[in-house]
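Chemist: Sharing a model that was predicted from the sequence below.
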Amino acid sequence: MTDLERRQDRAPVPSGWDYAPAPEARDIVTLEERYGLYIGGELVEPKSGEYFPTVSPASEEVLAEVGQAGPEDVDLAVQAARDAYDNGWSAISPAERAKYLFRIARILQERSREFAVLESLNGGKPIKESRDVDLPLAAAHFFYYAGWADKLEYAFPHRRPRSVGVAGQIIPWNFPLLMLAWKIAPALAGGNTVVLKPAETTPLSALLFADVLRQAELPPGVVNIVTGDGRAGAELVKHPDVDKIAFTGSTEVGKAIQRELAGTGKRLTLELGGKAANIIFDDAALDQAVEGIVNGIYFNQGHVCCAGSRLLVQESIYEPVIEKLKRRLTTLRVGDPLDKNTDVGAINSKQQLEKIEELVRSGEEEGADIYQPPCRLPEKGWWFVPTVFTNVAQSYRIAQEEIFGPVLSVLTFRTPDEAVEKANNTPYGLSAGVWTEKGSRILSMASRLEAGVVWANTYNRFDPTSPFGGYKESGFGREGGLHGLEPYLDLEESEVRG
Amino acid sequence: MAKAPALPSGFELPLEPRLPRIGSIDQVAVEERAASLARRSIKREAKLFALDLAVRMMDLTTLEGQDTPGKIAALTSKAIRPDPSDASVPSVAAVCVYPNLVPAAVDRVRGSSVKVASVATAFPSGQSSTAVKVTEVREVVDMGADEVDMVIDRGAFLSGRYAKVYDEIVQVKEACGDAHLKVILEVGELGTYDNVRRASLLAMAAGADFIKTSTGKLPQAATLPVTLVMLEAIRDVHEETGRKVGMKPAGGIRQAKQAVQYLVQLHETLGIEWLTPDLYRLGASTLLNDVLMQIRKEKTGNYQSPDYFTID
């Protein structure tokens, strides 16, 4: 045997290829020990005197303490917003408003790595998603609405668009900064001022955003940020000097808000839960459809209101689709949100993890078959293995209720009519997906599905130009696009007709 | 084989929704998936593993009108011992040459693990008669080529004469005897991912041991999405028949970083079983030195001047 042959013999036989950890550096983010409320352009101590810890869901490490806004604090924030509205913001030229928005958008782009790291740290989402999805889209929303700010008359012909006043905005924890952008950008473009209440578990990116506002030299009081749990949100909703409430969150809370606001004349838009059907026809491009299924439900740990949580597969291709899906699941990398190779991060909170676990137990008890790929989870923090339920009946809780986690329920159908019937058979109506190579079928499905968004041969794709919102118990009102301006404008008919 | 068997009445029709179905490819989605896999961050020992594997999987190629036995001598030396200063760097998988240079290459690699691959079948256009192609294949195998890289008849494929393409591959495979057959689809001329998938399945059905993207003679050569489409076809064939077919992207892979991206894609599509030169090759003429430079950088922590790597 020559040297060379020996060397070839010793060549490593691959038994596995573990990717070395590739963590995004955390030191780009500087955190304060304690954050007050952002009112009138300054971070102030809460009058309530209360603070609460905010943690990293991947490690349970306390990141900072954050103020709990009490009734007095919310009142001060609304007053600050009212003052700013009355004393300048509603009257400055629309082109000036646009400048501020453009400035905010650019600063977000410049500081995007910092925000992405913070978003993953506080929320648990994979850095590749906060880096490639949340941040670019948040900046894009500000750019988009900046463009409309001085063109409102063109946006709504024959109307005289005027601002509404003070907007109270309550956002969820699944896309903290992006939801902030969805709310704040159209409100400011329309000439309104804002009191924003971030989610209890993910307040940090909103507080860092306050620094962006300072950098952009936005006049004090135009945007105020009050952190805290549901009590702070409730105070904001019932405050008499708020003209408009925008809420994104659970259907349960949405209903309570609507009851609270009945008869008050306040404007309201709600973006609530979903139980979207992702429908795979037998002529679909299968491997890409499987990617779409994975992206539909495991994106952001399934903490997505429009997640494709109900998979409807045409029975004739059920087996290959499930085989391919299970195989694909084994390649998902669950773990440290700051690792650039992580596909699925941490569950946002202990409470949410418990809710997921409870629903998954119910699925097993009701008789569905569970599949989870082999997966090593970190010891600390809150985690849930990507899960698929097969043999699910339409009547099971896992087919009816929003799980808001990485759990997919698979059902089958035989004909397009049955697919439509099953897809629409839910109290929700936020989104749906259709996978087929047949263009005419895409169009017919899109017109028959009762869902605010229907994706064809893709899923979870967002764009600031496209309106987003629900049917039925998924809410009302639209965010994004031209439609997203309407809730923030008084659209009185103009006397002068063009 | 290409014709449906004569039935008493009626005609042959696939009756089950089995894999591999011809199916179709969604262009936007497949490109997105390929791009997302390319964003994996491969560092340190994981990177070194990939770079070492890339060397072992390389088909070091020269396909020029100006190739001479002298050139082949230089190429084979490099193939056998890519980095004379580092004995832990393995040999490449094969050298890939024109038929006329097979004897020179065979002579030079003797005693090493490096295989000799020869292009054949009127490479690169494939525009000759089947008889000429088969004769050429027999000749290169007789001269000692271990592997044959054939081109499909794109003229026949694009005009819908799939049976012609299929028959030709069957005949070439027969002429190969024990030599391994790589079937080049020349994806740059096929126009759509649907066609790439169809041609991949056709080649595998006809007996290809490997399917290969390109001749390297066109500006549009291997890309990550096109390779992904072919890997998925290979996966479907494996799932349905148990047969393991190899993959060879070729053309346009010049940097170590790209090679790592191709290997990540392979790893996450076909799994660890395919991470072997028996089932995956990288066809390249200029990639090797960049890989060597990166290997030395990973080992020493420093980049070294290109002057330290031989140009062959």
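Modeler: Okay, I see it.
Chemist: ranges for the helices of the stretch 151-300 of chain B?
Modeler: Here the stretch 151-300 of chain B has its helices, by DSSP state H, counting those that start in this stretch, at B:154-158, B:162-176, B:193-205, B:224-241, B:256-270, B:287-300.
Chemist: Now tabulate the ones you listed in TSV and tack on mean neighbour count and mean pLDDT.
Modeler: C-betas here are computed from N, CA, C, even on glycine. Listed next are the helices of the stretch 151-300 of chain B as TSV, based on neighbours: other Cβ atoms under 10 Å in any protein chain shown; pLDDT from 0 to 100:
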stretch	mean neighbour count	mean pLDDT
helix B:154-158	18	96
helix B:162-176	20	97
helix B:193-205	23	97
helix B:224-241	22	96
helix B:256-270	22	98
helix B:287-300	20	95
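Chemist: Helices of the stretch 151-300 of chain A, start to end?
Modeler: Going by DSSP H, counting those that start in this stretch, the stretch 151-300 of chain A shows helices at A:152-155, A:176-189, A:204-215, A:230-238, A:251-261, A:286-298.
Chemist: Among those, show me which one is buried the most.
Modeler: Of the helices of the stretch 151-300 of chain A, the one with the most neighbours on average (mean count of other Cβ atoms under 10 Å in any protein chain shown) is helix A:176-189, at a mean of 28.
Chemist: For residue A:132, give me its contacts.
Modeler: Neighbouring residues of residue A:132 by Cβ atoms under 8 Å, 6 or more residues apart in numbering or on different chains: residue B:39.
Chemist: For the most centrally placed residue in chain B, give me its contacts.
Modeler: In chain B, the residue lying closest to the centroid (Cα atoms, centre = their mean) is residue B:248, at 2.2 Å. Contact analysis of residue B:248 by Cβ under 8 Å, 6+ apart lists B:59, B:182, B:210-213, B:280-283.
Chemist: Tell me the one of those residues nearest chain A?
Modeler: Nearest to chain A out of these is residue B:280 (Cβ to the nearest Cβ; 10.9 Å).
Chemist: thought the closest one was touching residue B:56?
Modeler: No - with contact defined as Cβ atoms under 8 Å, residue B:280 does not count as touching residue B:56 (9.8 Å).
Chemist: Neighbour count for these two, which is higher?
Modeler: Neighbour count, other Cβ atoms under 10 Å in any protein chain shown: between residue B:280 and residue B:56, residue B:280 has more, with 25 against 22.
Chemist: which residues touch stretch A:460-468?
Modeler: Contacts for stretch A:460-468 (Cβ under 8 Å, 6+ apart): A:133, A:137, A:140-141, A:143-145, A:271, A:295-296, A:299, A:304, A:306-308, A:452-453, A:455, A:478-484.
Chemist: Show me what counts as buried in it.
Modeler: For stretch A:460-468, burial by neighbour count (16 or more other Cβ atoms under 10 Å in any protein chain shown) applies to A:460, A:462, A:464, A:467-468.
Chemist: do the same with stretch A:141-151
Modeler: So for stretch A:141-151, counting by 16+ other Cβ under 10 Å, buried means A:141-146, A:148-150.
Chemist: thinking again about what came up before, a markdown table please, covering the buried residues of stretch A:460-468 and showing distance to residue A:45, pLDDT and secondary structure.
Modeler: Listed next are the buried residues of stretch A:460-468 as a markdown table, based on distance: Cβ to Cβ, whole Å; pLDDT from 0 to 100; DSSP: H, G, I helix; E, B strand; the rest coil:
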| residue | distance to residue A:45 | pLDDT | secondary structure |
| --- | --- | --- | --- |
| A:460 | 40 | 96 | coil |
| A:462 | 37 | 96 | coil |
| A:464 | 36 | 97 | coil |
| A:467 | 40 | 96 | coil |
| A:468 | 37 | 96 | strand |
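Chemist: Any figure for the gap between residue A:268 and chain B?
Modeler: To chain B, residue A:268 is 36 Å away according to Cβ to the nearest Cβ, to the nearest Å.
Chemist: Neighbours of that residue, how many?
Modeler: Residue A:268: 21 surrounding residues under other Cβ under 10 Å.
Chemist: what sits against it?
Modeler: A:244-247, A:257-258, A:261, A:477.
Chemist: before we move on, what about residue B:98?
Modeler: B:63, B:67, B:118-119, B:123.
Chemist: what does the model give the residue nearest to the centre of chain B for pLDDT?
Modeler: With respect to pLDDT, residue B:248 scores 98.
Chemist: same check, this time on residue B:14
Modeler: pLDDT, read off for residue B:14, is 66.
Chemist: got it, and residue A:38?
Modeler: So, for residue A:38, pLDDT stands at 98.
Chemist: contacting residues around the helix or strand where it lies?
Modeler: Using DSSP states H and E, residue A:38 sits in strand A:37-39. For strand A:37-39, the surrounding residues in contact (Cβ under 8 Å, 6+ apart) are A:43-46, A:67, A:69, A:73, A:76-77, A:80, A:207, A:210, A:213, A:221, A:223-227.
Chemist: And for residue B:208, the neighbour number?
Modeler: Neighbour tally, residue B:208, other Cβ under 10 Å: 26.
Chemist: What strand or helix carries residue B:102?
Modeler: helix B:102-109.
Chemist: tell me what the next helix or strand after that helix is packed against?
Modeler: Later in the chain than helix B:102-109, the nearest helix or strand by DSSP H and E is strand B:115-120. Applying 3 or more Cβ pairs under 8 Å, 6 or more residues apart in numbering or on different chains; DSSP states H and E, we find strand B:115-120 packed against strand B:94-97, helix B:102-109, helix B:130-142, strand B:147-151.
Chemist: Report the mean confidence score over the first one.
Modeler: Average pLDDT, strand B:94-97: 98.
Chemist: The residue of the stretch 151-300 of chain A found nearest chain B - nearest residue in space that isn't next to it in sequence?
Modeler: In the stretch 151-300 of chain A, no residue comes nearer to chain B than residue A:288, which is 3.6 Å away by Cβ to the nearest Cβ. Nearest non-adjacent residue to residue A:288, counting by Cβ to Cβ, 6 or more residues apart in numbering or on different chains: residue B:29, 3.6 Å away.
Chemist: Was I right to think the one you found contacts residue A:285?
Modeler: Yes - between residue B:29 and residue A:285 there is a contact under Cβ under 8 Å: 6.9 Å.
Chemist: Enumerate every residue touching the closest residue in space to residue A:482 that isn't next to it in sequence.
Modeler: Distances taken as Cβ to Cβ, 6+ apart put residue A:155 closest to residue A:482, at 5.6 Å, once the chain neighbours are dropped. By Cβ under 8 Å, 6+ apart, the contact set of residue A:155 is A:148, A:161, A:482, A:485.
Chemist: residues near the residue of the stretch 51-200 of chain A found nearest chain B, how many?
Modeler: When distances are taken as Cβ to the nearest Cβ, the stretch 51-200 of chain A reaches nearest to chain B at residue A:128, 6.6 Å away. Residue A:128 has 22 neighbouring residues, counting by other Cβ under 10 Å.
Chemist: That one sits in which helix or strand?
Modeler: Assigned by DSSP H and E, residue A:128 falls in helix A:127-129.
Chemist: Show residues contacting that helix.
Modeler: A:24, A:116-117, A:120, A:299-300, A:337-343, A:345, B:39.
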